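Asker: below are the sequence and a predicted model; questions follow.
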Amino acid sequence: MTLNFKKETLDAIVSADKESTRILEMMQNSTLQELFNMEPIQVTGRVLLDICVKLNKDFRTKAATKAVNWRHNKPGGSVDKKEQIRAIWATGKYSTRDICAEEEHDALGMSFATARKALRNTPNP
């Protein structure tokens, strides 16, 4: 199956993308009061649809990022585990980072590789 787009259709899509980007940038750089005081903007259905798609994508991206950060930052999450293994290393109990990671990774519920990566670039105790 081949799709045959007419040049006018592609030009309309590109034009709608540029116009929707311009409108979104204008909205992001304006205060709420400025937005209320603006003259109404007439847009085509294609531009409106493009704005909706961009806003939906932005919302989904932010929601997913927030969910991932919440999961990693909660107590017992990966950030907490990294801090714990680094605190153990800082005590000076172990002579090398490898030994520290090997001895402590099971107790913290993380793999050896993850524990060792968490100890990268940490200062010597």
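Answerer: Perfect, I can see it now. Numbering: from 1, shown residues only.
Asker: what bits of this structure have low per-residue confidence?
Answerer: Applying pLDDT under 70 to the chain flags residues 1-8.
Asker: next, the residue nearest the centre of it: secondary structure please.
Answerer: Residue closest to the average C-alpha location in the chain (CA atoms, centre = their mean): residue 65, at 4.4 Å. Per DSSP: H, G, I helix; E, B strand; the rest coil, the local secondary structure of residue 65 is helix.
Asker: neighbours of residue 51, how many?
Answerer: For residue 51, the count of nearby residues is 18 (other CB atoms under 10 Å). The C-beta positions use only the backbone N, C-alpha and C, and glycine is treated the same way.
Asker: quick one: which helix or strand includes the residue nearest to it when sequence neighbours are not counted?
Answerer: Nearest residue to residue 51, sequence neighbours excluded (CB to CB, 6 or more residues apart in numbering): residue 20, at 4.6 Å. Under the criterion of DSSP states H and E, residue 20 resides in helix 7-28.
Asker: re the thing from before, and the gap between the residue nearest to the centre of the chain and residue 73?
Answerer: Residue 65 sits 12 Å away from residue 73, taking CB to CB, to the nearest Å as the criterion.
Asker: what's the answer for residue 54, then?
Answerer: Residue 54 is 28 Å from residue 73, by CB to CB.
Asker: what does residue 98 give?
Answerer: Distance from residue 98 to residue 73, by CB to CB: 27 Å.
Asker: tell me who's in contact with residue 73.
Answerer: 79-80 (CB atoms under 8 Å, 6 or more residues apart in numbering).
Asker: which stretches in the protein count as helices?
Answerer: 7-28, 32-37, 45-73, 78-90, 97-108, 112-118 (DSSP state H).
Asker: good, we can wrap up now.
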